[in-house]
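Engineer: Okay, structure incoming, though there's no sequence with it:
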C-alpha cells in the first residue's frame, strides 16, 4: 500500500476558475510622485523668459546730451572766470598801490619844498622890514641926499631878486602838489566810492590867490622908486613896504595851511588805499568761491546728463 502511494503519479492541479478582473491598486494620495515632468514646449520657454531692458528714449538722449554740453561749457566758463578774477585782483591791488605810492612820493617832495618856501618868506620879510626902516628914516630927514635914496633903491633891487627865488620855489611847490592831485584823480576815476577831499584843493587855491596879491605888492614897491622928491619917494616906499609885509604874513599863513592839508591828504590816501585793497581782496575771494560753486553745479549737471543717456542695467 505504501509502495503504491509512493509510485502513483500526482494528479494535475485543477485550474482556478477565472474571476472578475481587479483594477490595479492606486497609490496613496500623499505620496509624492518622482516621475519627471514633461519638458515645456520651446514656445512656452520663450514666453516665460525675462525681456531685456529697454534703451533710453530719443528725448532722454537729447536731454542728456544737452545737459552734458551745458555742464562742460559751464565748467570751462566759471573756472576761467575764477582765474580771471584772481588775475584781476592782482592787477587792481597793484594799480592802487602804484597810485598811492606815486601820490605819497609827490607829497613827500612837497613837504621840504614848503619848508624851503616858508624859510624864504621869513628872509624876505626881514629884508622888507629893513627896507621899511630905511625908508622911514630917509623920509624923516630934512636934508636927504640922492645917495641915501640910492641905498633904498639897492635894497629894493635885492628884495626883488630874493622874491624871484622865492617865486621859483613856490612854483615847485604848486607843480608838485598839482601832480599829486592829478594822480589822486586817477584813483578817483578807478574807485567810484573814493572822493578827493576839497580842503587841500581849497588850500592850494587860497595860497595861489595870496601869491598873486604878493606879486602885485612887490611890484608896487618897485614902482615907488621914482625921480620925485626924496622924502616923498621914501615915504611911499615905506608905505608900500608895510603893505608888502602884510602880504608876506598872509602867504606864510597860507603856506602853513596848505602844508597841513596836504599832510592830512597824504595820510588819507594811504588809509584809503589800504581800505580799497582790503575790499578788493574780500570781493575777489567771494567771487572766486562763487565761480567755483557754479562750476561744481555744472559738473553735477554733466553727471546727470551722462546718466540720462545710458541704458539701465538688467
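Structural biologist: Thanks, I have it. From a predicted model like this one, the values you see are computed outputs, not experimental measurements.
Engineer: which stretches of this structure have low pLDDT?
Structural biologist: 1-56, 144, 191-194, 309-314 (pLDDT under 70).
Engineer: Run through the helices of it in chain order.
Structural biologist: Ranges of helices in the chain, per DSSP state H, are 2-7, 42-48, 58-140, 146-190, 198-223, 230-308.
Engineer: how about these in JSON lines, adding mean neighbour count?
Structural biologist: Any C-beta I mention is one placed from the backbone N, CA and C, and that applies to glycine too. Formatted as JSON lines, the helices of the chain follow (neighbours: other Cβ atoms under 10 Å):
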{"stretch": "helix 2-7", "mean neighbour count": "7"}
{"stretch": "helix 42-48", "mean neighbour count": "9"}
{"stretch": "helix 58-140", "mean neighbour count": "17"}
{"stretch": "helix 146-190", "mean neighbour count": "16"}
{"stretch": "helix 198-223", "mean neighbour count": "17"}
{"stretch": "helix 230-308", "mean neighbour count": "17"}
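Engineer: Leaving out chain neighbours, which residue sits closest to the most centrally placed residue in the chain?
Structural biologist: The centroid of the chain falls nearest to residue 280 when counting by Cα atoms, centre = their mean (3.0 Å). The shortest distance from residue 280 to any non-neighbouring residue, by Cβ to Cβ, 6 or more residues apart in numbering, is to residue 92 (5.0 Å).
Engineer: quick one: contacts for residue 220?
Structural biologist: Going by Cβ atoms under 8 Å, 6 or more residues apart in numbering, residue 220 touches 240, 243-244.
Engineer: Now do the contacts for the residue nearest to the centre of the chain.
Structural biologist: Residue 280 touches 89, 92-93, 96, counting by Cβ under 8 Å, 6+ apart.
Engineer: Next one: it from residue 90, what distance?
Structural biologist: 10 Å (Cβ to Cβ, to the nearest Å).
Engineer: do residue 294 as well
Structural biologist: 22 Å.
Engineer: what do you get for residue 187?
Structural biologist: 18 Å.
Engineer: Likewise for residue 76?
Structural biologist: Residue 76 is 22 Å from residue 90, by Cβ to Cβ.
Engineer: One more: residue 170?
Structural biologist: Residue 170 is 41 Å from residue 90, by Cβ to Cβ.
Engineer: and what of residue 203?
Structural biologist: Taken as Cβ to Cβ, the span from residue 203 to residue 90 is 36 Å.
Engineer: go on, residue 262?
Structural biologist: 31 Å.
Engineer: Check residue 157 too.
Structural biologist: Note on residue 157: its distance to residue 90, by Cβ to Cβ, is 60 Å.
Engineer: With residue 218 instead?
Structural biologist: Taking Cβ to Cβ, one finds residue 218 at 53 Å from residue 90.
Engineer: same check, this time on residue 181
Structural biologist: For residue 181, the distance to residue 90 - Cβ to Cβ - is 27 Å.
Engineer: Same check on residue 177?
Structural biologist: Applying Cβ to Cβ to residue 177 and residue 90 gives a distance of 31 Å.
Engineer: Spatially, what comes nearest to residue 303 if we skip its sequence neighbours?
Structural biologist: Spatial nearest neighbour of residue 303, excluding adjacent residues (Cβ to Cβ, 6+ apart): residue 71 at 7.6 Å.
Engineer: Thanks again, I'm all set now.
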